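In: How does the following fold in three dimensions:
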Amino acid sequence: MKSHFYAMLSRMKNIYRWGLMRNTRQENLSEHSLEVAFIAHALAVIRNRRLGGSVDAEKVAVAAMFHDTSEIITGDMPTPIKYYNADIKSVYKDIENVAQDKLLSLLPEDLRDDYTALYKPGEEEKRIIKAADKISALIKCIEETSSGNREFEAAKDSTLKAIKEMALPEADIFLDEFIVSFYLPIDEMR
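Out: As a prediction, this is how the structure comes out:
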C-alpha cells in the first residue's frame, strides 16, 4: 500500500502562523512544531531531574512534533477565534480530531496504533506540550517586539500570563532560566 502520510506532513512548511498579525518574519508550522518539541523535551527533563517526575521526555518531544499536524487540513485558526467561547472551542476540537483521524487513515494499518498514541498523549504529557506551545508563542512575541513590532505586545503579555496561570513548575523554571536569552543578540549569548 502506498501512503500519503509523510507527503501530507511535508505540507506543514506551507502553513503560516499568526495570520491576523503583521509579522516581521513569517513562522511556519514546521518551525513552530520543532521548537515546541525542543521546549517540551526540556520541560519533561526539568520535571524528571528537578521535580521528581517520571515522564518519558522523548515521547513528549515526539508527541509535541505532531501536536499541530491537524492544521495541515484545518489551517491555523487564530487563538482569539478558536477560544472565543466554549461552543466554538468544542466544535474546533471536533474538527481537529476529524483532521487527525484523516491523517492517521493515510498510514498503513500496521503503523496506525503507534501514531495514534502520539496524537493522544496522557494528561501529564498534554499539559507539558501545552506549556511548551505557549512558551513557543511567547518566544515569537519576544522576537517580534524586540524587532520593534508593537503588534505583538498584548499577545506577549497575555501569553506570559497564560503560562503563569498553568501553574506548571517546570514551565516557571524554563521561564526563569532560559527566556531572558531570547531578548539578547547572539553576540551577548556567550
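
In: Roughly how far does the residue nearest in space to the middle of the chain sit from Ala64?
Out: Among the residues of the chain, the one closest to the centroid is Asp133, at 3.2 Å (Cα atoms, centre = their mean). Asp133 is 8 Å from Ala64, where distance means Cβ to Cβ, to the nearest Å. C-beta coordinates here come from the backbone N, C-alpha and C atoms, glycine included.

In: do the same with Cys141
Out: Distance from Cys141 to Ala64, by Cβ to Cβ: 19 Å.

In: Show me what the lowest-mean-pLDDT helix or strand in the chain is packed up against.
Out: Lowest on mean pLDDT, DSSP states H and E among the helices and strands of the chain sits helix 79-82, with a mean of 72. Applying 3 or more Cβ pairs under 8 Å, 6 or more residues apart in numbering; DSSP states H and E, one finds that helix 79-82 contacts helix 86-105.

In: Now tell me what touches the helix it packs on from outside.
Out: With Cβ atoms under 8 Å, 6 or more residues apart in numbering as the test, helix 86-105 has contacts from 5, 8-9, 69-74, 77, 81-83, 112, 115-116, 119.

In: May I see the PyMOL selection of the buried members of these?
Out: Buried members of these, defined by 16 or more other Cβ atoms under 10 Å, are picked up in PyMOL with:
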select buried, resi 5+9+69+70+71+72+73+115+119
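
In: Inside helices: which ones of the contacts of helix 86-105?
Out: 5, 8-9, 71-74, 81-82, 112, 115-116, 119 (DSSP state H).

In: so can I have a markdown table of the residues you listed showing distance to Leu104?
Out: Shown next, in a markdown table, are the ones in helices among the contacts of helix 86-105 (distance: Cβ to Cβ, whole Å):
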| residue | distance to Leu104 |
| --- | --- |
| Phe5 | 8 |
| Met8 | 11 |
| Leu9 | 12 |
| Glu71 | 15 |
| Ile72 | 12 |
| Ile73 | 12 |
| Thr74 | 15 |
| Ile81 | 26 |
| Lys82 | 22 |
| Arg112 | 6 |
| Tyr115 | 6 |
| Thr116 | 6 |
| Tyr119 | 7 |
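
In: just those residues now: which is nearest Val60?
Out: Using Cβ to Cβ, Tyr119 comes nearest to Val60 of the ones in helices among the contacts of helix 86-105, at 13.4 Å.

In: which helix of this protein spans the most residues?
Out: Ranked by residue count and defined by DSSP H, the top helix of the chain is helix 123-146.

In: What residues sit buried inside that one?
Out: Buried residues in helix 123-146 (16+ other Cβ under 10 Å): 125, 127-145.

In: ditto for stretch 19-32
Out: 23, 27, 29-32.

In: So which of those residues are in helices?
Out: Those of the buried residues of stretch 19-32 lying in helices (DSSP H): 29-32.
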